[in-house]
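K.L.:
No letters, just coordinates:
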């Protein structure tokens, strides 16, 4: 269970080696801190995201497999969607499996000459032929085949891409354990470009804990906070979809490509309705007592055979209900769940897919796209048409879908409709039109995601901040999140893993980090990310703000352009200062 | 004597906190000292199989041990004497439900002692402890 071991895999030469990198883990803890450094060491600077020069780094942290809710893996790569720094997190069993296989990080470089998948264990790497798996329509089927073919049942992760990844859709995801995803920023396409269909990682090693009583005490404190304190209640009960109704009530739920921010069908796609009518099972990531993964069931009769039914399980979360639901005007829950299922089958990021389809619908209605290009007659609320369109994004039968598979920023450059192409820094918009903080957060966050700094939370909780204060708040939050991402903690548990708890958890392991040192490390990782982004060509001055966000009142009212400009100016100064010193 | 029992495997969410607890009880973090196992039935959507020792009154594992490293536990199940165990894995093979686990680093079996420590970490009441006076 040596966290300091890094597994280096070369897909071109089909070779690997393991190297102790305690130098990196001592300085940067693990997770994103270490992954960033490994990326910098091994990626060929300036190389295209889908070229052999790009590398993929997976990393876990010092708390992985040791404490509850340290249940995520960080992936760092160059994003084919934004063309710059890419980072994505996923759970499932990936974190426990990597650590238990004896690695703190896995670095994958090069391009294979043919489709392969890797089986990784303490013994190293097996390079397996994936010719049969390549081109399979469904990620479910690929997962099933790999489950049967691979060792380590119960103590493994099976990360795989769908056809979207194979076909290099720039927002293809990597699916782990069927229902968890490295969703954002197109890791699936990077896998596809490397002809890497899947990773099976298994292991069950353990380590003797030196201070066992102290370890058990801290463990119990965290466990009790997770199951008794109420801090995880919303994830535990209705899951993230419990946010649909409150966000809608605030007037912050992007609807029909953000032509509106309230959805008349919100009730139908709410966590409450789903739980009452569709919830079939709840499951958990390894080492998480919360079990936030909610699976809905769709029961469908076969039209050609009486008394013959198919029951499908679909994982649902707030972001999917927004992007494939309200954003497309879909309130028919069965239609929505089937659309989600199609996105899962193809292996796409649900947020980007929904936003891309929402833009396409509006562009079509405005006459920018012809039905001939669109193939299916898209219209708000028509789930069946959107399901066909998802297949077309994967297949890319014409120039239009080739463009749409590159994301809305790219598509709108070709077809127009820039004003309502809802991407920030090249990444499609998450589901919060709460106010300026959410949008500034998407713009300045390292991965242009709501996850960078949760601006939606600032919009809801804080009033009267100046643009400068708001940017400072967002950056401060993002900096602390670098520590959570280095440990690697699920962000849902950020309320539990306060600096004092993190310090206690690390103390037991012999780390000497006081709270200030932790925060300084967070600031340092943040600066490293900004500098890396600058070296790959990112310039705050080139950030595009879609006009649409100014046209529709948010929870905080109409967003003021001057406020946004002042915020970006302030961020630019901070960014430029970092770049000048790093 | 008490006995670890599965109350309802359908409630299992697959978090594996029981497995981590079992190793932790012995002073370890991780999974390979765990005397119980949780795996998906075949995809997470189909639920989980939870494998725990049934505390057999006439344990096949005990009968399979060629060196008397296993002795009958009062109330069912077995107690392992590590000093006698030669790591032949006969006990592992003898258990029809696969509840004799293997510690690869020690090359010895891991067998549940029915202490119930794991139950305290099952947030979904999958596991329970049954008091056993006689069977």
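P.N.:
On my side now, so go ahead. The shown structure was predicted, so the numbers you read here are calculated from the model rather than taken from an experiment.
K.L.:
pretty sure residue A:426 is in contact with residue A:409, am I right?
P.N.:
Yes - if you go by Cβ atoms under 8 Å, residue A:426 and residue A:409 touch, sitting 5.1 Å apart. The C-beta positions use only the backbone N, C-alpha and C, and glycine is treated the same way.
K.L.:
which ones are touching residue B:17?
P.N.:
Taking Cβ atoms under 8 Å, 6 or more residues apart in numbering or on different chains, we find residue B:17 in contact with A:68, A:223, A:287, A:289, B:118, B:121-123.
K.L.:
I'd like to know how far residue B:69 sits from residue A:206.
P.N.:
22 Å (Cβ to Cβ, to the nearest Å).
K.L.:
And the strands in the stretch 51-200 of chain A?
P.N.:
Along the stretch 51-200 of chain A, the segments classed as strands by DSSP state E, counting those that start in this stretch run A:56-59, A:73-78, A:85-90, A:105-109, A:116-121, A:124-129, A:156-160, A:174-176, A:180-182, A:196-202.
K.L.:
what does the first one rub up against?
P.N.:
Residues outside strand A:56-59 that contact it (Cβ under 8 Å, 6+ apart) are A:30-32, A:34-35, A:38-39, A:42, A:73-77, A:94, A:98, A:104-109, A:187, A:190-191, A:194, A:488.
K.L.:
and the residue in the stretch 1-150 of chain A that chain B sits nearest to, what does it touch?
P.N.:
Residue nearest to chain B within the stretch 1-150 of chain A (Cβ to the nearest Cβ): residue A:66, separated by 4.5 Å. Residue A:66 makes contact with A:215, A:505, A:509, B:29, according to Cβ under 8 Å, 6+ apart.
K.L.:
From these, list the buried ones, please.
P.N.:
For these, a burial check counting by 16 or more other Cβ atoms under 10 Å in any protein chain shown picks out A:215, A:505, A:509, B:29.
K.L.:
Now do the SS call for the last one.
P.N.:
Three-state secondary structure (criterion: DSSP: H, G, I helix; E, B strand; the rest coil) places residue B:29 in strand.
K.L.:
I'd like to know how far it sits from residue A:285.
P.N.:
For residue B:29, the distance to residue A:285 - Cβ to Cβ - is 17 Å.
K.L.:
ok, now how distant is residue A:72 from residue A:529?
P.N.:
According to Cβ to Cβ, residue A:72 and residue A:529 sit 18 Å apart.
K.L.:
ok, those two, which is more surrounded?
P.N.:
residue A:72 (27 against 23; other Cβ atoms under 10 Å in any protein chain shown).
K.L.:
That one contacts residue A:93, doesn't it?
P.N.:
No - counting by Cβ under 8 Å, residue A:72 does not reach residue A:93; the two are 11.2 Å apart.
K.L.:
Find residues that contact each of those two.
P.N.:
Common neighbours of residue A:72 and residue A:93 (Cβ under 8 Å, 6+ apart) are residue A:285.
K.L.:
give the contact list for residue A:576.
P.N.:
Residue A:576 sits next to residue A:540 when contact means Cβ under 8 Å, 6+ apart.
K.L.:
Flag every buried residue along the helix or strand that it is a member of.
P.N.:
Using DSSP states H and E, residue A:576 sits within helix A:561-581. By 16+ other Cβ under 10 Å, the buried positions in helix A:561-581 come out as A:563-564, A:566-568, A:570-572, A:574-575, A:578-579.
K.L.:
And stretch A:512-527, by the same measure?
P.N.:
Within stretch A:512-527, judged by 16+ other Cβ under 10 Å, the buried ones are A:513, A:518-519, A:521-527.
K.L.:
Keep only those of those that are in helices.
P.N.:
A:518-519, A:521-527 (DSSP state H).
K.L.:
Looking at the backbone only, give me phi and psi for residue A:64.
P.N.:
Torsion angles at residue A:64 (phi, psi; degrees, to the nearest 10) stand at phi -60, psi 130.
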